[in-house]
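> here is a sequence together with a model predicted from it:
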Amino acid sequence: MKRSQSAAPIALLTDFGYRDHYAGVMKGVLASIAPGAALLDISHGIPPQSIAAGAIALGESWRFFPTRTVFLVVIDPGVGTSRLPIAVETRAGVRFVGPDNGVLSLAARAAGIRCAVRLESTRHRLAKPASTFHGRDIFAPAAAFLSRGTPLDALGSKLTRIKPLQLPKPDASDGAIRGEVLYVDAFGNLITNISRRDVARLQSSFPGKQVSVRIKHGAPMKILSTYGEARSGAILATFGSFELLEIAVRDASAATRLSCGVGAAVVARVAPS
Amino acid sequence: MKRSQSAAPIALLTDFGYRDHYAGVMKGVLASIAPGAALLDISHGIPPQSIAAGAIALGESWRFFPTRTVFLVVIDPGVGTSRLPIAVETRAGVRFVGPDNGVLSLAARAAGIRCAVRLESTRHRLAKPASTFHGRDIFAPAAAFLSRGTPLDALGSKLTRIKPLQLPKPDASDGAIRGEVLYVDAFGNLITNISRRDVARLQSSFPGKQVSVRIKHGAPMKILSTYGEARSGAILATFGSFELLEIAVRDASAATRLSCGVGAAVVARVAPS
Amino acid sequence: MKRSQSAAPIALLTDFGYRDHYAGVMKGVLASIAPGAALLDISHGIPPQSIAAGAIALGESWRFFPTRTVFLVVIDPGVGTSRLPIAVETRAGVRFVGPDNGVLSLAARAAGIRCAVRLESTRHRLAKPASTFHGRDIFAPAAAFLSRGTPLDALGSKLTRIKPLQLPKPDASDGAIRGEVLYVDAFGNLITNISRRDVARLQSSFPGKQVSVRIKHGAPMKILSTYGEARSGAILATFGSFELLEIAVRDASAATRLSCGVGAAVVARVAPS
């Protein structure tokens, strides 16, 4: 096997943090089984055990990676319980490996699930009795074998579905979209569940009217095209890099300024004429 | 030299943190001298100047990496003093480069020391007067030359021994093993110096009796096979991913809940019948 | 194109932090466009929006990387404003990609600017309307195309100059050099703008006299050759790994001990005879 030509890239996403050696140990396993594969860290700083934050990070990331990439995702509050370890193949070409707890579901659904299997082949894992480190012993080996070209169905038996993640959906009625903050990034930007398409649909129902946005009980704001249109220190609403409505403060943290976090109510509404 | 075939992987472990460019500069040196080598970050977040934490992280990591891996370890409170810069070759095949302050000793001993040298060859370091950055000027070049195939003894003269790290050993007597917490990981799990083998030995001396575990003055606990056997929020004892007894709290931090840290007393004892 | 031979390494330096997936998404873009390129993280932990800290980190790092390295630098408080996205080719061989806000200037000047262009070719970016994530959509693609061998002038039109960064210069007069702290590293070391060469020049004007250093109103200190010459806990002055005068505390944080940060006054002076 010609390594540098055929081993697919492996992208890592975990909540292991950067203090311990746990992510490093997984890289050792990957490099041992798939020596030619490029290892690409997405993040190991997902808030501990936050399945929703991991699912959003993966959902916003996967389409920017090479077609054959294998995503190794370990955000796994249920390690040691009955949740299944799985691998997913998609129509877009990317593959996903991780626990079946919803963390893979946003990305896998967007990429188009072609086939999913339960990881159960003992030939494709490290032999450890009663392991509590599935990232090392089950998920990393599976990802490395997929990178090397092992077919998905060699890893285990087929599943008919994977567990979905239920993110709160915005509610559109009466000339308004009622959503909420899904994610707060490290700059303090508040990313909502209201998409550019949701707003375009609202706008097309009320041609000629302006849409304004409020967070909690704040003042209504226009939606700007870029951060640069706001003055330094001003609160603003714009569509972020992933086409979701974002509330931000130019050159500062909106989370701090507005004392808002995940779950805060955000409403987009056509202005009364 | 065909780079992608012959340059061995280099794994990095430091206490440099993630804010500064110091770990990055070492990668530049590695990529300059050994351009084909895979660079694998284990962690740069070891608690500053904590030789014991670094030694444990390395001791738990090395066996999961490819056989030829060169480990570049820079946890070096004594930089600029008389401690020696060294490189070690092992029977297991892996190589270690770092300061001779004990940080390499757990891993090197487990891998079987075949030969150790003092890094003194001026042809295999960056020329800097009175450098205080040995990671960049001495250790990274040595690791890169080993990765490229430079023989160990070209780097300096042989040493008869490397400095050992004295970790506290558990005491086994009177039907009990008295140990302590060695390491607290980022999830707040308390990793002790009592191994699965220590407990098995105790158990075999008292057949049919149950072993229970206490930390400080807490209630006795059975040893569970997996985290999943405990209820959310419960304190539990189990063997962790590295076969050492761990005290954890399901879905929370044991360190916070029990106000325990490195050095806290842990006892495994056969229950009175 | 033979990837492993010709794709140049790409070194990443950002203030994105380690919690979000933003740096990871850039790696996906890089690996998609330049699949054979080694991706080398310098740091993603530069203090948010600190152009000076990023410029110093890059200025101290670039010369330790391979000659053909492309540096992808995204510290960009002005994203969405009129600041230009640029790429720079140097006489030393390295290339720089980032915003024209001064963050590239210390390194680019030291490496010798041969040519700079404004990134404007739509064929060499990701097509996104009103993007606020230039790292992903403009800078990463440009870096990846340079790594693959795309000539600089294919990326956009030439610029006659790039924006300089004005760092405070030390003042030398009356047998003294008056400088200040430029940067505080993660160990609490205080790195000043007084270079070894500045001090050598002072010394050569006053042969036979000793130079001593004071920070704020502290006691005068001799300049030591290494940290090891100081006792544990002692305040010391030495030339750091980048030939700049550093104030440190052996085995502790000088920033904490002296309550000093960026801007604190530091004076090197010949001792009265």
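Now that the structure is in, tell me what you want to look at.

> skipping its backbone neighbours, what lies nearest A:Gly156 in space?
Spatial nearest neighbour of A:Gly156, chain neighbours left out: A:Glu120 (4.0 Å); criterion: CB to CB, 6 or more residues apart in numbering or on different chains. To be clear about C-beta, it is placed using only N, CA and C from the backbone, and glycine gets the same treatment.

> neighbouring strands - and their directions - for the helix or strand where A:Phe71 lies?
Element membership for A:Phe71 (DSSP states H and E) is strand A:70-74. Sheet pairing of strand A:70-74 (DSSP bridges) gives strand A:10-14 (parallel), strand A:95-99 (parallel).

> what mean pLDDT does the top strand by length along chain A have?
Counting by DSSP state E, the longest strand found in chain A is strand A:176-184. The pLDDT scores in strand A:176-184 average 93.

> quick one: distance of it to the chain centre.
Centroid separation for strand A:176-184 versus its chain: 17 Å, with CA atoms, centre = their mean, to the nearest Å.

> ok, now which ones touch A:Leu72?
A:Ile10, A:Ala11, A:Leu12, A:Leu13, A:Met26, A:Leu30, A:Val97, A:Gly98, A:Gly135, A:Phe139, A:Ala140, A:Ala143 (CB atoms under 8 Å, 6 or more residues apart in numbering or on different chains).

> repeat that for 10 Å
A:Leu72 makes contact with A:10-14, A:26-27, A:29-30, A:39-40, A:42, A:87, A:95-98, A:135, A:139-140, A:142-144, A:146-147, according to CB atoms under 10 Å, 6 or more residues apart in numbering or on different chains.

> quick one: average pLDDT of stretch A:161-168?
Regarding stretch A:161-168, the rounded mean pLDDT is 89.

> next, the closest residue to A:Leu30 other than its chain neighbours: phi, psi?
Once flanking residues are discounted, A:Leu30 sits nearest to A:Ala144: 4.9 Å by CB to CB, 6+ apart. Per-residue torsions, A:Ala144: phi -70, psi -40 (degrees, to the nearest 10).

> which residues touch A:Ala144?
Taking CB under 10 Å, 6+ apart as the definition, contacts of A:Ala144 comprise A:7, A:10, A:26, A:29-35, A:37, A:39, A:70, A:72, A:97, A:124, A:150.

> which residues touch A:Gly149?
A:Met1, A:Ser6, A:Ala7, A:Ala8, A:Ala34, A:Arg68.

> ditto for A:Ala186
A:Ala186 neighbours (CB under 10 Å, 6+ apart): A:43, A:45, A:253, A:255, C:15-20, C:22, C:44, C:48.

> would you list those residues in a markdown table and tack on distance to A:Gly218 and secondary structure?
What follows is those, written out as a markdown table (distance: CB to CB, whole Å; DSSP: H, G, I helix; E, B strand; the rest coil):
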| residue | distance to A:Gly218 | secondary structure |
| --- | --- | --- |
| A:Ser43 | 30 | strand |
| A:Gly45 | 29 | coil |
| A:Ser253 | 15 | coil |
| A:Ala255 | 14 | helix |
| C:Asp15 | 27 | coil |
| C:Phe16 | 27 | coil |
| C:Gly17 | 26 | coil |
| C:Tyr18 | 30 | coil |
| C:Arg19 | 25 | coil |
| C:Asp20 | 24 | coil |
| C:Tyr22 | 26 | helix |
| C:His44 | 31 | coil |
| C:Pro48 | 24 | coil |
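
> list buried residues within the residues you listed.
Applying 16 or more other CB atoms under 10 Å in any protein chain shown to the contacts of A:Ala186, the neighbour count classes A:43, A:45, A:253, A:255, C:15-20, C:22, C:44, C:48 as buried.

> keep those, but drop any that are not near chain B.
Filtering these for proximity to chain B by CB under 10 Å from any CB of the partner chain leaves A:Gly45, C:Gly17, C:Tyr18, C:His44.

> can you give me the helices in the stretch 101-250 of chain A?
In the stretch 101-250 of chain A, the helices defined using DSSP state H, counting those that start in this stretch lie at A:105-111, A:134, A:140-148, A:196-205.

> how far is the shortest one from where the chain is centred?
Yep, that's helix A:134 we're talking about. 20 Å.

> would you mind finding the most buried of the helices of the stretch 101-250 of chain A?
Stretch with highest mean neighbour count among these: helix A:140-148 (a mean of 26; mean count of other CB atoms under 10 Å in any protein chain shown).
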